[in-house]
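1. Sharing a model prediction with you, sequence too.
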Amino acid sequence: MEFLRPESLGEALAARAAHPEAVPLAGGTDVMVELNFARRRPAALLDLTRVGELTGWHADGGTVRVGAGVTYAELTGERASGGQTALGRLLPGLAMAARTVGSPQIRNRGTIGGNLGSASPAGDCHPVLLASGASVEAASVRGRRQVPIDDFFTGVKRNALAPDELITAVLVPAPGGPEQFAKIGTRNAMVIAVAAFAIVLDPVRRRVGTGIGSAAPTPVRAVAAERLLAGALAGDGLWESRGPLPEQVVTEFGQAVSAAASPIDDVRGTAGYRKQALAVLASRTLGWAWRDYRAAGQQAGRG
Amino acid sequence: MTTSGREPGREPGQSGLLAPAGRAPSRPRRAPDGVPAEADRPGAGETAGIGTSVRRPDGRLKVTGEFAYGSDLWMDGMLWGVTLRSPHPHARIRSVQIGEALATTGVHAVLTSADVPGQNAYGLEHADQPVLAADLVRYAGEPVALVAADHPETARLAASRIMVDYEVLPPVTDPVAALAPDAPALHPGGNLVRHLKIRKGDPEPTADVVVAGSYQIGMQDQAFLGPEAGLAVPDGAGGVELFVSTQWLHVDQRQICAALGLPAERVRLVLAGVGGAFGGREDLSMHVHACLLALHTGKPVKMVYSREESFFGHVHRHPVWIDYEHGASSDGTLVYVTATMHLDGGAYASSTPAVVGNAGTMGAGPYVVPNVRIDAYGVYTNNPPCGAMRGFGSVQAAFGYEAQMDKLAAALGMDPVEFRCKNAMRMGSEGPTGQVLDSPAPVAELLRRVQRMPLPESGSADLRSLPGGVGNTTHGEGIVRGIGYAVGYKNVGFSEGFDDYSTARVRLELTGGEPVVTVHTAAAEVGQGLVTIEQQICRTELGVGTVVVVPKDTSVGSAGSTSASRQTYVTGGAVKAACEAVRERLLARVRERGERELAGLRLADGLVLADGAGPVGAIGEFLDAGPIEETVQWRHRPTQPIDPETGQGFAHVQYAFAAHRAVVDVDTELGLVKVVALDCAQDVGRALNPQAVVGQIQGGSAQGLGLAVMEEIQVRDGLIANPSFTDYLIPTILDVPPMRIDVLEYPDPHAPYGVRGVGEPPTISSGPAVVAAIRAATGRDLARVPVRPEHIAGPA
């Protein structure tokens, strides 16, 4: 097995073009499992851990650019001393999702770029990225492009990258409102999602975003649920009034999210349970997000 | 030999026992790196004897990652062995072609059933399992061929080139259907491994209040962290030495000899570092395979299973289907129990007969029931083989009978603890086998003790304290708290007339002018702490602080299995007896010196003491005449086979009891569970190492919790659907609550020091208590474990 170790993005893209069969390797939390279980014997590995251009993040005019090499630990924004980092405060939905990934060791190694590259239907970042309307920045020796997240997941563990492309960053619109993420597993930590749900409320654009994980061949949005809720919020003037959400809206939103899923029975759970659980998660996370929105309004009002 | 592992100048009580042999000077024979050589500097002299929480000799090495497990074994020039396994649960083998595999560069040997020189059959109780399948495979994962190569990857590649032509047969996967007269017979004698009957009292009892229930217990895995591993070294004269992670060296040796066609003196076994066992290492795994490859190639051969292969490489806990009916009088007195149990033994017998024996004889629970009718069936199917696992039949029965106790209490309008206590066994009670409990059985006291413990507070907002954990699934919505109780019991040691013994060799001698004790047994240290117990007993009995524990091997007699909660009792008993024999000889030397008449001679703190006088002298003074060594075979009092028609008889040498109270928070809308408290009271007779006792209770409780809410090997059509730690879930620190543990010490007058087995009882009652608490929170029947979220939140 060949082990390619580029020192820069330019070298990495050249290696990717020359060795399209090489499997990109960042934290190795997915790739190494497959190697250890002898499920995969790639001809080459493309180690990206020395490529400085993939690390770090910056905020730029309403968009946060998160390097593909940013780890889950960095996304959670938890400081060892307590408190939260700037990145954690800026992208609270991703922070919540990253917090649910594996163990501390896995969060220290695994990266957001690797999560997207694996494109598992159970990838924990995916629902939040879908709900945020993020884009994936891909690069090759031919140039750079941005792939809207809605077009990124093309099948079970398949994505829209060309064979010579690498994920360089994720571009996330900085949220103007509350975000929530919830994930069900059959134990209380270190578990693959049985079902996951993310919601993003954007009062500036009057937009509702959703993302569902582990309940369809790919991560998906619940578009009808987004429309239903956005319509209810606009129609009742709730964005402005920040009034309480009618119970019926919350319930119908949950049902619409559930209807958007097409889960299967597998060792982690049944299709029926996933549908039911998504309705509960959607209603609960909407309630929490709306409570946060109202609280922020009261704070602003007092200020 | 006795000083080979000692390194001077170490900190007392923390010495580097179980260090890789490579570090120890003057090993007597060529040995690979990674064999535990155990030695000890004294703790604090005799103060490190029994009843004290001396630190484990292997503790520091394990927490720093330096301990050498079986998978760390290494010898220059060794080859790597791999196993080709059947992908089908039931198939006839038409042919096996090895030519292409053998032609692979780097391959030294490819072996099939034709290469097994001895008997191609082994097994703990019945020799019904082929070393390598010859013409029929009976489970998915059954070994068919072996490869040895100079690199594991080469060996795996070559294995994939072995061409096996299978005629696939329909698998028999339902243990009840397997007993039907028209079911295909999987073994020559049919599909019934054992039918145990218990008949006691009135065959047609009636009662005021009757409850019935059907329960199903899923297949649990031992999930030990160190996978199966060993290294076979040919001795150049036709024999072989096997370094292996196991639970019982001598029963391995017996089966290996039969398969290799070699006498015992040509097959020597040495215990490698064991990373947990829980019953899963009682059967052979890679033992014969590595020996075959080593003898065939003339080179050392190492085999290590991957995590996935490990799920196919050892037996699991029997899944069980139980129908119970209980009757009680209106005042809450138990009148009768009837039970029918089907235990799925899978493709081969392993220890199924004994597991059936336990599930049946203890199937009424630790209660006084005058009328008992139990039928327990162990059955062959094409599912993965099942055998020993911590709790061994008692775990499964307890899920059923404890659910029944709660149902009966509810039907009677009684408090579930009061109802249990009213019917609890006590010393002098007669069990369902007619056996009278002749040592303390404080069942009611255990229950009342956990009932009296303070309850946990409710309501922290921290996600880690809520059902769903960091998954952020609830901020309090849907949560209902429930409390559940359970009590269970189990036999200690081997039962039903088995000749259960252990052997200990103890030597007392001067080394560098100081008295040193060397203790040699073949009792496997699998992580439970027996090496510490052996040292403590020697210190107490001989008054000498420095105790060397010789590597466990077959050059001393059998110690029996490290299972059935028996080693502190049985090997502890053997070590104690050997020490007493050594002490007698030393004291004879004291008396021979005969300066004066001495009464009450004893050993303590390195001195010989006598009544009414000062020290007679230092122990070392009496060793100038040479070392004293004694080897003792020690047995607990015999048990009897039970009557095949009535199940009556003195089947079990000792019973051990534990009770739990579980407190759970359940998210009733999502079906997620957080166990908030899991408190235990257990009678251990006498705690030789109190800290190790608590460790056993914590670990056993966690393993029972795991079966209650998450641990299950999911088998579909004979195939394991989740052979990984990604999908076979075991509890994390966020799933296991802090535990209040109340250790009672009511000595058993029949046992050495009064000890009672500790390891298994907490695994029996913790799971049923958790499920009872979930029932209390949800009002659901929950007749199947593990309880999954859809059972709680799905359609009732």
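-> Nice, thanks for sending it over. Predicted, not measured: the structure shown is a model, and the values here were computed from it.

2. Report the contact partners of the residue of the stretch 51-200 of chain B found nearest chain A.
-> Proximity of the stretch 51-200 of chain B to chain A (C-beta to the nearest C-beta) peaks at residue B:156, 6.4 Å away. Using the backbone N, CA and C atoms, a C-beta is placed for each residue, glycine as well. By C-beta atoms under 8 Å, 6 or more residues apart in numbering or on different chains, residue B:156 lies in contact with A:38, B:82, B:147.

3. how about 10 Å then?
-> Residues near residue B:156 by C-beta atoms under 10 Å, 6 or more residues apart in numbering or on different chains: A:38, A:41, B:80, B:82-84, B:147, B:149, B:306.

4. For the residues you listed, which PyMOL command selects only the ones that are buried?
-> Here is the PyMOL command that selects the buried residues among those (16 or more other C-beta atoms under 10 Å in any protein chain shown):
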select buried, chain B and resi 80+82+83+84+147+149+306
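
5. Below-threshold pLDDT in the stretch 201-303 of chain A: ranges please.
-> For the stretch 201-303 of chain A, the stretches with pLDDT under 70 are A:301-303.

6. Please list the residues of it that sit near chain B.
-> A:265-274, A:276-277, A:279-281, A:283-285, A:287-288, A:291 (C-beta under 10 Å from any C-beta of the partner chain).

7. coming back round to it: I'd like the contacts of residue B:156 laid out as a markdown table, including distance to residue B:335 and secondary structure.
-> A markdown table is the format used below for the contacts of residue B:156 (distance: C-beta to C-beta, whole Å; DSSP: H, G, I helix; E, B strand; the rest coil):
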| residue | distance to residue B:335 | secondary structure |
| --- | --- | --- |
| A:38 | 58 | coil |
| A:41 | 65 | coil |
| B:80 | 61 | strand |
| B:82 | 58 | strand |
| B:83 | 53 | strand |
| B:84 | 56 | strand |
| B:147 | 61 | strand |
| B:149 | 65 | strand |
| B:306 | 53 | coil |
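
8. export the contacts of residue B:156 to CSV and tack on distance to residue A:190 and pLDDT?
-> As requested, the contacts of residue B:156 are arranged in CSV below (distance: C-beta to C-beta, whole Å; pLDDT from 0 to 100):
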residue, distance to residue A:190, pLDDT
A:38, 23, 84
A:41, 27, 91
B:80, 31, 98
B:82, 30, 98
B:83, 30, 98
B:84, 33, 98
B:147, 35, 98
B:149, 35, 98
B:306, 20, 95
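
9. Which single one of the contacts of residue B:156 is nearest to residue B:64?
-> Distance ranking of the contacts of residue B:156 against residue B:64, using C-beta to C-beta, places residue B:306 first at 24.7 Å.

10. Just the helices from the stretch 101-250 of chain A, written as ranges.
-> A:104-109, A:112-118, A:126-132, A:223-235, A:238-241, A:247-260 (DSSP state H, counting those that start in this stretch).

11. Next: the stretch 451-600 of chain B.
-> With DSSP H, counting those that start in this stretch as the criterion, the stretch 451-600 of chain B has helices spanning B:530-542, B:567-593.

12. Which SSE is immediately downstream of the last one?
-> Right, the one you point to is helix B:567-593. Toward the C-terminal end, the helix or strand that comes next after helix B:567-593 (DSSP states H and E) is strand B:602-604.

13. Counting by contacts, list what the next helix or strand after that next one packs against.
-> Once the chain leaves strand B:602-604, the next helix or strand it forms, by DSSP H and E, is strand B:607-609. Counting contacts by 3 or more C-beta pairs under 10 Å, 6 or more residues apart in numbering or on different chains; DSSP states H and E, strand B:607-609 packs against helix B:567-593, strand B:602-604, strand B:617-618.

14. so where's chain B uncertain?
-> Looking at chain B by pLDDT under 70, you get B:1-46, B:459, B:595-596.

15. Show me the domain layout of it.
-> Domain assignment for chain B by automatic domain parsing gives B:79-170+B:225-276+B:281-313, B:316-495+B:642-793.

16. Deepest-packed of these, please.
-> Greatest average neighbour count among these goes to domain B:316-495+B:642-793 (a mean of 23), per mean count of other C-beta atoms under 10 Å in any protein chain shown.

17. So for chain A, which of the helices of the stretch 451-600 of chain B sits nearest?
-> Comparing the helices of the stretch 451-600 of chain B against chain A with C-beta to the nearest C-beta, the closest turns out to be helix B:530-542 (30.1 Å).
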